[in-house]
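Asks: Turn this into a model:
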Amino acid sequence: MPPIYPPSQDLQSIASLLPHVELEVIASVVRHELPGVEVYKLDSRRILESTWNIVEVMDDSTVSVRAAPLAIEMYPTLDSLLVPLNAYFSILSVNGLSNGQSALLPCHFFRYSSHLVKIAAQYEWKAVLSYHLAFFARRVKDMRKGDYSGWGRVEMDLMEEFLVPHQQKRPYGTVFSASSAYDSWELIYP
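Replies: Numbers count the residues shown, from 1 in each chain. Alright, predicted model coming up:
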């Protein structure tokens, strides 16, 4: 039987949309308790990496414990962040809409995803990831109060702190093709 829309307010209906995600992880998203560095748990491509080999049993039966990886190791590229982040936004959208949030709720998430794509093209990835994690932490605080609209805003203070010092270096006045699929050209200034 196909899922009913809008889904019921229980987590099982959301879990049916993301069968690779543990119910407790979905619950932590809905409760706004999942840390920004742990959204990888929503990525079906990386679900098997969730232990990150932190505990390793050696040949002589001793146990070695390694430090958890850095955020840049978990999210080395934009798509390694966007794929699980979109699953995160899907959970929030389904839950929020079924609980009376505005129909515009997903628009805030779309806007933030677009913003990430834009800044990833302009700034060094490590700086973009740092910006995202700080931005995410602010949004979690807002969402706990029922305010999801912050995802649709640009945080200039965070941009100045994390991004501005790390603009990608491009030769002044260099012309780059916006895409081979387009006939237009874009003039990029430092």
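
Asks: Just give the closest residue to the residue sitting nearest the centre point of the chain, not the sequence neighbours.
Replies: Centroid-nearest residue in the chain, with Cα atoms, centre = their mean: residue 85, separated by 3.1 Å. Ranked by Cβ to Cβ, 6 or more residues apart in numbering and with sequence neighbours excluded, the top spatial neighbour of residue 85 is residue 39, at 5.6 Å. From N, CA and C alone the C-beta is placed, and that goes for glycine too.

Asks: separation between the one you found and residue 15?
Replies: Per Cβ to Cβ, to the nearest Å, residue 39 is found 17 Å from residue 15.

Asks: just to revisit the earlier point, thought residue 117 was touching the residue nearest to the centre of the chain, still the case?
Replies: No - counting by Cβ atoms under 8 Å, residue 85 stays clear of residue 117, with 11.3 Å between them.

Asks: can you give me phi and psi for residue 123?
Replies: Phi and psi for residue 123, reported as degrees, to the nearest 10, are phi -130, psi 160.

Asks: quick one: secondary structure of the closest residue in space to it that isn't next to it in sequence?
Replies: In space, and not counting its chain neighbours, residue 123 is closest to residue 163: 4.6 Å by Cβ to Cβ, 6+ apart. Secondary structure assignment for residue 163 (DSSP: H, G, I helix; E, B strand; the rest coil): helix.

Asks: swap in residue 103?
Replies: Classification of residue 103 by three-state DSSP places it in coil.

Asks: what about it, neighbour count?
Replies: Neighbour count of residue 103, defined by other Cβ atoms under 10 Å: 8.

Asks: and it, what is it in contact with?
Replies: residue 97 (Cβ atoms under 8 Å, 6 or more residues apart in numbering).
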